[in-house]
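A.B. asks: one predicted model, sequence on top.
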Amino acid sequence: MAHWGRGAALAVPLLLGAAVGALMPSEAAAQVTATMDGANTAWILTATALVLFMTLPGLALFYGGLVRAKNILSVLMHCFSIACLASVLWLVVVYSLAFSDGGPANQWIGGLGKAFLAGVGPDALIGDIPESVFFMFQMTFAVITPALVVGAYPERIKFLPVLMFSGLWLIFVYAPVAHWIWGGGWLAGLGVMDFAGGLVVHATAGISAIVLAKMLGSRRGFPNELRPPHSPALTMIGAAMLWVGWYGFNAGSALAANGSAGMAMVVTHISAATASLTWMTIEWIKFGKPSLVGIVTGMVAGLATITPASGFVGPAGALVYGVLAGMVCYWAVGAIKHKLKIDDSLDVFAVHGVGGVLGILLVSFFALPALGGLGLAAGMTAGKQFGVQLLGTVAVVVWSAVFSVVIIKVVMAIAGLRASEEAETEGLDLSEHGEREYNF
């Protein structure tokens with residue numbers, strides 16, 4: 001396998017039959033490995049479990065603790081049901097659209113040759129790992145991405161529209177963008193660097209979240225009369241699970257048990273820790289007291305920001321990433337809520353959208369050896385790479401925003417979107433699911 005610096009997003013798409021392994025390091029992508037590597041397979045199996053752990057229970061508890069007590073079950077239900085729905089859709093069609101050969105349209109979208117995993121037997125390989133393992137690893141990314149959007153609409157949305165939006169969004173937003181960057185599409189051809197999902201995961205989720213929050217409308221009492229999170233302790237527990245699971249998210253994207261995975265884990269951890277301390281310090285100076293919710297939110301910002309660069313930067317770069325993530329995402333939270341007056345309730349856009357885009361653009365410079373990085377592609381300068389990264393960002397942002405609006409309009413026409421005033425007052429736990437977490 002290649003040394004860790006020639007990471008995923010610079011890969012030449014690897015075609016095995018119709019399947020694409022575009023997350024592989026570039027030297028490995030140039031060769032079809034005929035024999036399964038047990039160590040690499042074992043690591044990706046472990047990473048797959050870690051990434052699912054990020055969503056269930058990590059993200060569910062992180063979000064659940066941030067809402068009022070009468071809505072916690074609805075948030076947990078959203079995360080759990082989206083995980084189930086995304087898994088089935090991944091098998092049926094989304095994996096094929098993202099990672100199979102799309103024929104003449106391959107620059108834009110994959111085909112249907114891998115629908116229902118057609119033709120993928122137990123011996124099929126992507127590089128030196130089974131394709132079934134690659135399928136499962138990539139599935140966990142498709143699970144968590146629409147689940148991130150849950151943070152934009154809690155406490156005021158009906159349940160059926162959540163399922164409808166999430167399913168359509170996976171097909172029309174996530175699958176094309178994943179194919180563009182990781183499946184051998186046009187952005188991969190331009191050399192966009194996105195190791196583990198700054199654009200594919202965080203930008204798509206963040207942009208779609210703010211669009212949905214705007215079209216859904218604010219919670220009653222926003223922004224002045226909202227109650228604080230009902231359980232910061234649950235939020236911290238969920239955040240800790242996210243931190244652990246993120247090792248699989250970033251280090252697993254090396255698709256090998258090698259130095260690339262090891263360094264990706266190092267920079268992931270350093271960025272998260274640094275962003276946490278940065279966010280905490282800002283709150284401490286501004287309000288006189290550091291909060292638990294603040295420090296764990298800073299951690300998530302650090303993780304989201306380092307994600308696209310985790311295979312390309314060194315530890316010193318990770319420190320800078322963490323500081324900038326804490327500062328920029330903290331500012332974005334206030335700007336979205338208090339200046340733009342958009343109720344992106346749990347700060348999906350400010351943390352994931354802004355963090356993911358920040359990380360995508362910064363990698364153009366922090367991948368340079370002079371700044372401790374592992375270098376750019378042959379013939380690429382920092383300026384040229386920045387132009388490619390910027391073009392990729394604009395394309396993904398526009399695609400995500402436009403198709404989110406279309407999907408939301410369709411869902412509104414079929415099933416409505418917003419819960420009734422009575423349901424919001426009663427709480428979605430009872431009104432939508434007939435259950436209550438706490439009996440006072």
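C.D. replies: Everything's here; your move. Numbering: from 1, shown residues only.
A.B. asks: the closest residue in space to residue 369 that isn't next to it in sequence: neighbour count?
C.D. replies: Distances taken as C-beta to C-beta, 6 or more residues apart in numbering place residue 375 nearest to residue 369, at 5.4 Å, with adjacent residues excluded. Where C-beta positions appear, they are placed from N, C-alpha and C, glycine not excepted. Neighbours of residue 375 under the rule other C-beta atoms under 10 Å: 14.
A.B. asks: for residue 375, helix, strand, or coil?
C.D. replies: Put simply, residue 375 is coil when judged by DSSP: H, G, I helix; E, B strand; the rest coil.
A.B. asks: ok, it touching residue 368?
C.D. replies: Yes: assessed by C-beta atoms under 8 Å, residue 375 is found in contact with residue 368 at 7.1 Å.
A.B. asks: give the other helices and strands that the longest helix seen in the chain contacts.
C.D. replies: In the chain, assigned by DSSP state H, the helix with the most residues is helix 382-415. With contacts taken as 3 or more C-beta pairs under 8 Å, 6 or more residues apart in numbering; DSSP states H and E, helix 382-415 sits against helix 159-169, helix 175-182, helix 186-190, helix 204-216, helix 354-366.
A.B. asks: need those helices in JSON lines (columns: mean pLDDT and distance to residue 114).
C.D. replies: As requested, the helices and strands packed on helix 382-415 are exported to JSON lines (pLDDT from 0 to 100; distance: least, C-beta to C-beta, whole Å):
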{"stretch": "helix 159-169", "mean pLDDT": "98", "distance to residue 114": "19"}
{"stretch": "helix 175-182", "mean pLDDT": "98", "distance to residue 114": "12"}
{"stretch": "helix 186-190", "mean pLDDT": "97", "distance to residue 114": "18"}
{"stretch": "helix 204-216", "mean pLDDT": "98", "distance to residue 114": "21"}
{"stretch": "helix 354-366", "mean pLDDT": "98", "distance to residue 114": "27"}
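A.B. asks: turn these into TSV, including mean neighbour count.
C.D. replies: Conversion of these to TSV gives the following (neighbours: other C-beta atoms under 10 Å):
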stretch	mean neighbour count
helix 159-169	21
helix 175-182	27
helix 186-190	18
helix 204-216	25
helix 354-366	26
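A.B. asks: just put those helices in JSON lines and tack on distance to residue 296.
C.D. replies: Converted to JSON lines, these look like this (distance: least, C-beta to C-beta, whole Å):
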{"stretch": "helix 159-169", "distance to residue 296": "24"}
{"stretch": "helix 175-182", "distance to residue 296": "28"}
{"stretch": "helix 186-190", "distance to residue 296": "32"}
{"stretch": "helix 204-216", "distance to residue 296": "18"}
{"stretch": "helix 354-366", "distance to residue 296": "14"}
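A.B. asks: so for residue 98, which of the ones you listed sits nearest?
C.D. replies: helix 175-182 (4.1 Å; C-beta to C-beta).
A.B. asks: and the angle for that closest one with helix 204-216?
C.D. replies: 150 degrees (axes from the mean of the first three to the mean of the last three C-alpha atoms, to 10 degrees).
A.B. asks: next one: helix 175-182 to chain centre, how far?
C.D. replies: Relative to its chain's centre, helix 175-182 lies at 13 Å (C-alpha atoms, centre = their mean, to the nearest Å).
A.B. asks: helices or strands up against that helix?
C.D. replies: helix 95-99, helix 131-148, helix 186-190, helix 382-415.
A.B. asks: ranking those by burial, who's on top?
C.D. replies: helix 95-99 (a mean of 27; mean count of other C-beta atoms under 10 Å).
A.B. asks: who's in contact with it?
C.D. replies: Under the contact criterion C-beta atoms under 8 Å, 6 or more residues apart in numbering, helix 95-99 has outside partners 19-22, 109-115, 117, 135, 138-139, 142, 171, 174-176, 178-179, 182-183.
A.B. asks: please save the CA atoms from it in PDB.
C.D. replies: Taking C-alpha atoms only, helix 95-99 is exported to PDB below (Å, rounded to 0.1, in the frame of the first residue of the first chain):
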ATOM      1  CA  TYR A  95     -24.700   2.400  -3.600                       C
ATOM      2  CA  SER A  96     -25.000   1.700  -7.300                       C
ATOM      3  CA  LEU A  97     -25.600   5.300  -8.200                       C
ATOM      4  CA  ALA A  98     -22.600   6.400  -6.200                       C
ATOM      5  CA  PHE A  99     -20.000   3.800  -7.000                       C
END
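A.B. asks: which element follows it toward the C-terminus?
C.D. replies: Using DSSP states H and E, the helix or strand that follows helix 95-99 in sequence is strand 125-126.
A.B. asks: pLDDT on that following strand, on average?
C.D. replies: Strand 125-126 shows a mean pLDDT of 94.
A.B. asks: tilt between the helix or strand hosting residue 89 and helix 159-169?
C.D. replies: Take DSSP H and E as the rule and residue 89 turns out to sit in helix 72-89. Helix 72-89 runs at 30 degrees relative to helix 159-169, counting by the same axes, to 10 degrees.
A.B. asks: before we move on, back to that, what's the closest of the helices and strands packed on helix 175-182 to residue 124?
C.D. replies: helix 131-148 (4.2 Å).
A.B. asks: helices or strands next to that closest one in the packing?
C.D. replies: helix 38-53, helix 72-89, helix 95-99, helix 175-182, helix 204-216.
A.B. asks: now it against helix 175-182, angle please.
C.D. replies: Computed by the same axes, to 10 degrees, the angle separating helix 131-148 from helix 175-182 equals 120 degrees.
A.B. asks: give me the mean pLDDT for helix 131-148.
C.D. replies: On average, helix 131-148 scores 98.
A.B. asks: so how far is residue 159 from the nearest residue to residue 233 once chain neighbours are set aside?
C.D. replies: Counting by C-beta to C-beta, 6+ apart, residue 65 is the residue found nearest to residue 233 once chain neighbours are left out, at 6.8 Å. As judged by C-beta to C-beta, to the nearest Å, residue 65 and residue 159 stand 20 Å apart.
A.B. asks: identify the residues contacting the helix holding residue 89?
C.D. replies: 52, 55-56, 59-61, 63-65, 67, 94, 139, 142-143, 146-147, 150, 154-155, 159, 162-163, 166-167, 170-171, 230-231, 234, 427-429, 432-433, 435-437.
A.B. asks: C-alpha coordinates for it, PDB please?
C.D. replies: Taking Å, rounded to 0.1, in the frame of the first residue of the first chain, the C-alpha atoms of helix 72-89 are listed here in PDB:
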ATOM      1  CA  ILE A  72     -36.200  13.800  22.900                       C
ATOM      2  CA  LEU A  73     -37.900  10.600  21.700                       C
ATOM      3  CA  SER A  74     -38.800  12.300  18.400                       C
ATOM      4  CA  VAL A  75     -35.100  13.100  17.800                       C
ATOM      5  CA  LEU A  76     -34.000   9.600  18.700                       C
ATOM      6  CA  MET A  77     -36.700   8.200  16.400                       C
ATOM      7  CA  HIS A  78     -35.500  10.400  13.600                       C
ATOM      8  CA  CYS A  79     -31.900   9.200  13.900                       C
ATOM      9  CA  PHE A  80     -32.900   5.600  14.200                       C
ATOM     10  CA  SER A  81     -35.400   5.500  11.400                       C
ATOM     11  CA  ILE A  82     -33.100   7.400   9.000                       C
ATOM     12  CA  ALA A  83     -30.400   4.800   9.700                       C
ATOM     13  CA  CYS A  84     -32.700   2.000   8.800                       C
ATOM     14  CA  LEU A  85     -34.100   3.700   5.700                       C
ATOM     15  CA  ALA A  86     -30.700   4.800   4.400                       C
ATOM     16  CA  SER A  87     -29.400   1.200   4.800                       C
ATOM     17  CA  VAL A  88     -32.200  -0.300   2.700                       C
ATOM     18  CA  LEU A  89     -31.900   2.400   0.100                       C
END
